[in-house]
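*Asks:* Next comes the sequence, and after it the predicted model I'd like to discuss.
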Amino acid sequence: MEENNSSKQARLSDPATWVDQHGDYLYKYALSRIRNKAVAEDVVQETFLAALKARDNFAGKSSEKTWLVGILKRKIVDHFRRSGREVDIDKFDRLLSEPNDDYQTSGPEAGWWKTEMRPGNWSINAHDIAERKEFWEFLQQCLDGLHPRLAIMFVLREMEEMKGEEICNVLELTPTNLRVMLYRARKDLRRCLEQDWMGREEK
Amino acid sequence: MPGMMSLMMKVMSRMMPTCGEVSLLTSRAMDEKLSLKEHLGIKMHLLVCKWCRRYASQLHQVREMIHQHAPESKIESGKTMAGLTTAAQERLNRAIQNSQKDND
């Protein structure tokens, strides 16, 4: 370690200060994706340990924080890849092939919204801080209510902003598969948000 | 010319995707570029269907809200989430110390 103390390394701060400096940020980042406190903490720990090992490779092109987040992002994907394997695939396939009950199945309006399933009117004020905070809580709850595999797809696409191709590579999916899953995830999530978040006053 | 009108309606409805198809196209359009035919199909459908317009706008609202409120966003900067507990901080610090000892 000592002889590697080049000018490159000087840019990284003492690892003993990492938890103080970056711990909360990394943890919140991980928790918002994984939604399990213990697992989020584990992933942050893995990140710090991997960062220690890779310290010599830090080129100083980005900030220490950005560099750590980059490692964290890879650890999050690794976690999803592992947990994605534990899913009962048959059950999942059955879920995806369920008929879509939002739309009429027969008659002249086949394929059009069933009256009672039409999207409701969302009255939100995007600038209201309290509503935003609430949105975040409901979003996390609704993601928990999704099939875990659908939640993973949604998080990788909408929070990690990965491209479809990358997600397919990482999780070994076909593009058709991914399309159906993202469709289903968005549809179920929208429904959940409408019922729980928008319907909160009536409850 | 009622004949002409009903013919046009027929052609329109033949080309026009159903709500079910539009919801799938709406989702796909958030991830990839649609073909011209698909794109026109959606456009045409949204012109006449208030519910699908609402559906699409809500999916985009959700995307927008996520970008604004994720803990890493500048607006929110994680205010809506609790950070590490003291115990967790201690655990992490110990893990880093131990790993450094092992490496030395």
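*Replies:* Okay, I see it. Keep in mind it's a predicted model, so treat the numbers as computed, not measured.
*Asks:* For the residue of chain A found nearest chain B, identify the helix or strand it belongs to.
*Replies:* Residue nearest to chain B within chain A (CB to the nearest CB): A:G111, separated by 2.7 Å. Bear in mind the C-beta positions are built from the backbone N, C-alpha and C, glycine included. For A:G111, there is no enclosing helix or strand under DSSP states H and E.
*Asks:* What count of nearby residues applies to the residue nearest to it when sequence neighbours are not counted?
*Replies:* Computed as CB to CB, 6 or more residues apart in numbering or on different chains, the closest residue to A:G111 that is not its neighbour in sequence is B:T18, at 2.7 Å. Using other CB atoms under 10 Å in any protein chain shown, B:T18 has 19 neighbouring residues.
*Asks:* Can you show me the helices along chain B?
*Replies:* With DSSP state H as the criterion, chain B has helices at B:2-15, B:19-29, B:36-48, B:50-69, B:86-103.
*Asks:* Report the angle between the longest one and helix B:19-29.
*Replies:* In this case it means helix B:50-69. Helix B:50-69 runs at 30 degrees relative to helix B:19-29, counting by axes from the mean of the first three to the mean of the last three CA atoms, to 10 degrees.
*Asks:* Model confidence for A:A126, exactly?
*Replies:* Confidence at A:A126, expressed as pLDDT, is 61.
*Asks:* Would you check that A:L193 makes contact with A:L139?
*Replies:* Yes - counting by CB atoms under 8 Å, A:L193 touches A:L139, with 7.0 Å between them.
*Asks:* Report the set of residues contacting both of those two.
*Replies:* Common neighbours of A:L193 and A:L139 are listed as B:V62 (criterion: CB atoms under 8 Å, 6 or more residues apart in numbering or on different chains).
*Asks:* And the two? Which one has more around it.
*Replies:* Using other CB under 10 Å as the criterion, A:L193 and A:L139 rank with A:L139 on top: 25 against 22.
*Asks:* The more buried one falls within a strand, correct?
*Replies:* No - the assignment for A:L139 (DSSP: H, G, I helix; E, B strand; the rest coil) gives helix, which keeps it out of a strand.
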